[in-house]
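1. here is a sequence with its predicted model. Questions after.
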Amino acid sequence: MDATALKSSLLRNILLLRLLSFAVLILALRFTYLVAARGRSCLSGDDFCFSPVHRVSPLPLKKSQRVIDYYSTVFQNLILEGFLSPNSKSLCIGTLTGEEVYALKRIGVADSIGISDNASPPLILRGRPQHQPFDDNIFDFEYSNSLDQSGRPVEFASEICRTLRPGGFVVVHTGAKDPYSFQSFLDLFNCCRLSRCREIEGPDPSSSEIREIVMKKEMEKRHPYSGGRKCYVPGLKWEIILNAEPLIKKEPLKPWITLKRNMKNTRYLTSMVDIRFKQRYVYIDVGARNYGSSIGSWFKKQYPKQGKRFEIFAIEGRKAFREVYKMKKGVKLVPYAAWIRNETLFFEITRDPRGKEGRRRGRGRNRIHPVQSSTGYVGEEGKIEGFDFAEWLKMEVCDRDFVVMKMDVEGAEFHLIPRLLETGAICLVDEVFLKCHYNRWQRSPKYHKTYAQCLQLFTSLRESGVLVHQWW
């Protein structure tokens, strides 16, 4: 073979070698990608070499890489603290684009997956936080930063309790930091014990710090309040009461005007705490009268609700108001008088002696005297059915609900409030607006209590850990 032929053969061999090396490099890169993305190598019959690879929906590279770096640091710290290990079967709940799952795999937690409303295989499966598509007790570690945005936090937490193994850890990042919301958060996870809580930087350097909460699942669930006679009043409630507006201690000359003006100074509970982690939001109007008396004119328009939709109960036993509530959607009428037991009651109707002229001027409205039992009342009467309000309250709401109550019951508050305290039903109410009826300057024989007795009623509620305001 001459030199020219030898040189040509050598060039062909070099070119072939380079093509072969390039092909091997491509295969190696594809293999590396699948191992990193899926947490395992390809086996015989797998889709490694010849079928298309599913990719996560892309983000802008710089932003995506920065977020992955952030979560890598977060998870590495959790490994150092013993809350996570490379062998942990891990779930990221509510992940939108999978950065959290990428980060877990990158630091060696290979058996990791995410769930979201929109699937993006192989990192993200379709699944809702309140309905995870997994068996019970399957994960060693679960993470979420989306509980704040959930409209169903109780179901969200319940599913974590179901799918997390006993002894496993759940980590949640939340923006809620006040003590009230923190306690509400812990109440959601009755399967877990708090391991650690601290403030850390968020993924966005320009945003404020977030709270990182770590909990460990226990074998047995903690049982919530069961309706006992005594309330557990944590320190945070005392702090809230201390920050409330002061009570008016001196009897006002013009009570209606003074108390109405004082409502402008009211420190609503929802202006002091975050209520996002509650199960339900309930407003109970005891002695509701007409829809416009307080539901439509005050609660709907003025009470700060933090964007939450409240269930509304109107408790009103007088038949004259029933037709109004039939036309009001979103209001549940309880057509009985709130009382200390189930029984038939009598009430006295006071009519304006000026007759039609007084009524024409708006002064002839019937007024209801304090509700009395049928065994102790004689006079002009009308029957009304009463029910055990404390027992109804304990059946209707629970300690996971956020409950606001307004009470205007024409003197029956001196019976109802002691009953609520005695049974422990008052523990289920977060905030009370109470109108206390008394003999104003000893000129109103309609009521027998004094302003001092009203003040004592308000004071006893606050001393029992109840945030109560003077209603007008």
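-> Alright, I've got the coordinates.

2. all helices of the stretch 351-472 of the chain, in order?
-> In the stretch 351-472 of the chain, the helices defined using DSSP state H, counting those that start in this stretch lie at 356-360, 389-396, 413-423, 451-463.

3. quick check: next helix or strand after the helix or strand harbouring D140?
-> Here D140 sits within strand 139-144, counting by DSSP states H and E. Downstream of strand 139-144, the first helix or strand assigned by DSSP H and E is helix 153-163.

4. pipe the helices of the stretch 351-472 of the chain into TSV and attach mean pLDDT per row.
-> Listed next are the helices of the stretch 351-472 of the chain as TSV, based on pLDDT from 0 to 100:
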stretch	mean pLDDT
helix 356-360	40
helix 389-396	97
helix 413-423	95
helix 451-463	94
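
5. which among those helices is found nearest to I115?
-> Ranking the helices of the stretch 351-472 of the chain by proximity to I115 (C-beta to C-beta) places helix 389-396 first, at 33.9 Å. C-beta here means a position set from N, CA and C on the backbone, and glycine is covered the same way.

6. which of the residues in that closest one are classified as buried?
-> Neighbour counts over helix 389-396 (16 or more other C-beta atoms under 10 Å) mark 389-394, 396 as buried.

7. of the helices of the stretch 351-472 of the chain, which is nearest E431?
-> helix 451-463 (11.0 Å).

8. other SSEs contacting that closest one?
-> Here helix 451-463 touches helix 413-423, strand 431-434, strand 467-470, going by 3 or more C-beta pairs under 8 Å, 6 or more residues apart in numbering; DSSP states H and E.

9. which strands and helices sit next to the first one?
-> Where contact means 3+ C-beta pairs under 8 Å, 6+ apart, helix 413-423 is packed against strand 337-339, helix 389-396, helix 451-463.

10. now that helix, how far from the centre of its chain.
-> Distance of helix 413-423 from the chain centroid (C-alpha atoms, centre = their mean, to the nearest Å) equals 27 Å.

11. between the helices of the stretch 351-472 of the chain, which gets nearest to E316?
-> When the helices of the stretch 351-472 of the chain are ranked by distance to E316, counting by C-beta to C-beta, first place goes to helix 389-396 at 12.4 Å.

12. quick one: the closest one to helix 413-423, angle?
-> For helix 389-396 against helix 413-423, the angle by axes from the mean of the first three to the mean of the last three C-alpha atoms, to 10 degrees is 50 degrees.

13. quick one, helices of the stretch 101-250 of the chain?
-> Assigned by DSSP H, counting those that start in this stretch, the helices in the stretch 101-250 of the chain fall at 153-163, 179-188, 235-242.

14. CSV for the helices of the stretch 351-472 of the chain, including distance to A288?
-> CSV is the format used below for the helices of the stretch 351-472 of the chain (distance: least, C-beta to C-beta, whole Å):
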stretch, distance to A288
helix 356-360, 22
helix 389-396, 13
helix 413-423, 14
helix 451-463, 21
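
15. closest to R165 out of these?
-> The nearest among the helices of the stretch 351-472 of the chain, by C-beta to C-beta, is helix 389-396 at 34.6 Å.

16. what sits up against the closest one?
-> Contact partners of helix 389-396, identified using C-beta atoms under 8 Å, 6 or more residues apart in numbering, comprise 227, 282, 284, 286, 313, 315, 334, 338-340, 416, 419-420, 422-425, 428-429.

17. can I get the helices and strands packed on helix 413-423 in TSV with distance to Q470?
-> Listed next are the helices and strands packed on helix 413-423 as TSV, based on distance: least, C-beta to C-beta, whole Å:
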stretch	distance to Q470
strand 337-339	19
helix 389-396	21
helix 451-463	7
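
18. among these, which is nearest I113?
-> Closest among these, using C-beta to C-beta: helix 389-396, at 40.0 Å.

19. rewinding a little: so which of the helices and strands packed on helix 413-423 is nearest P246?
-> Nearest to P246, of the helices and strands packed on helix 413-423 and by C-beta to C-beta, is helix 451-463 at 10.4 Å.

20. kindly state the pLDDT recorded for the closest residue to L104 other than its chain neighbours?
-> Closest residue to L104 apart from its sequence neighbours, by C-beta to C-beta, 6 or more residues apart in numbering: S112 at 4.0 Å. The model reports S112 with a pLDDT of 96.

21. now swap in A244 and tell me
-> In this prediction, A244 carries a pLDDT score of 94.

22. how about L188?
-> 92.

23. in contact with the closest residue to it other than its chain neighbours, which residues are there?
-> Distances taken as C-beta to C-beta, 6+ apart put A157 closest to L188, at 3.9 Å, once the chain neighbours are dropped. For A157, the contacting residues are 147, 188-189, by C-beta under 8 Å, 6+ apart.

24. and what of E431?
-> Shown in contact with E431 (C-beta under 8 Å, 6+ apart): 268-269, 403-405, 467-469.

25. what of Q132?
-> So Q132 contacts 91, 93, 115, 159, 162-163 (C-beta under 8 Å, 6+ apart).

26. now do K237
-> By C-beta under 8 Å, 6+ apart, the contact list for K237 reads 465, 467.

27. let's see 6 Å
-> G465 (C-beta atoms under 6 Å, 6 or more residues apart in numbering).

28. look up how far F433 lies from it.
-> To F433, K237 is 17 Å away according to C-beta to C-beta, to the nearest Å.

29. which ones are touching the nearest residue to E155 once chain neighbours are set aside?
-> Excluding its sequence neighbours, the residue lying closest to E155 (C-beta to C-beta, 6+ apart) is Q130, at 3.6 Å. By C-beta under 6 Å, 6+ apart, Q130 lies in contact with 152, 155-156, 159.

30. again, but for C161
-> Contacts of C161 (C-beta under 6 Å, 6+ apart): C191.

31. sorry, back to before: show me which pair in the contacts of Q132 is furthest apart.
-> I115 and R162 (13.6 Å).

32. okay, these two: which has more neighbours?
-> Regarding I115 and R162, a neighbour count based on other C-beta atoms under 10 Å identifies I115 as having more, with 22 against 14.

33. dump the helices of the stretch 101-250 of the chain to TSV, plus distance to T73.
-> Converted to TSV, the helices of the stretch 101-250 of the chain look like this (distance: least, C-beta to C-beta, whole Å):
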stretch	distance to T73
helix 153-163	23
helix 179-188	24
helix 235-242	32
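
34. nearest to I200 among the contacts of Q132?
-> Once C-beta to C-beta is applied, the member of the contacts of Q132 that ends up nearest I200 is I93, at 18.5 Å.

35. surely that closest one and S144 touch.
-> Yes: taking contacts as C-beta atoms under 6 Å, I93 lies within contact range of S144: 3.9 Å.

36. more neighbours, these two?
-> Looking at I93 and S144 with other C-beta under 10 Å, you find the greater number of neighbours at I93, namely 27 against 24.

37. now do the contacts for that one.
-> 129, 144.

38. is it bridged to anything, and to what?
-> Following DSSP bridges, I93 is listed with bridge partners I115, S144.

39. what pLDDT does it get?
-> For I93, the predicted pLDDT is 97.

40. separation between it and F182?
-> Distance check for I93 against F182: by C-beta to C-beta, it reads 20 Å.
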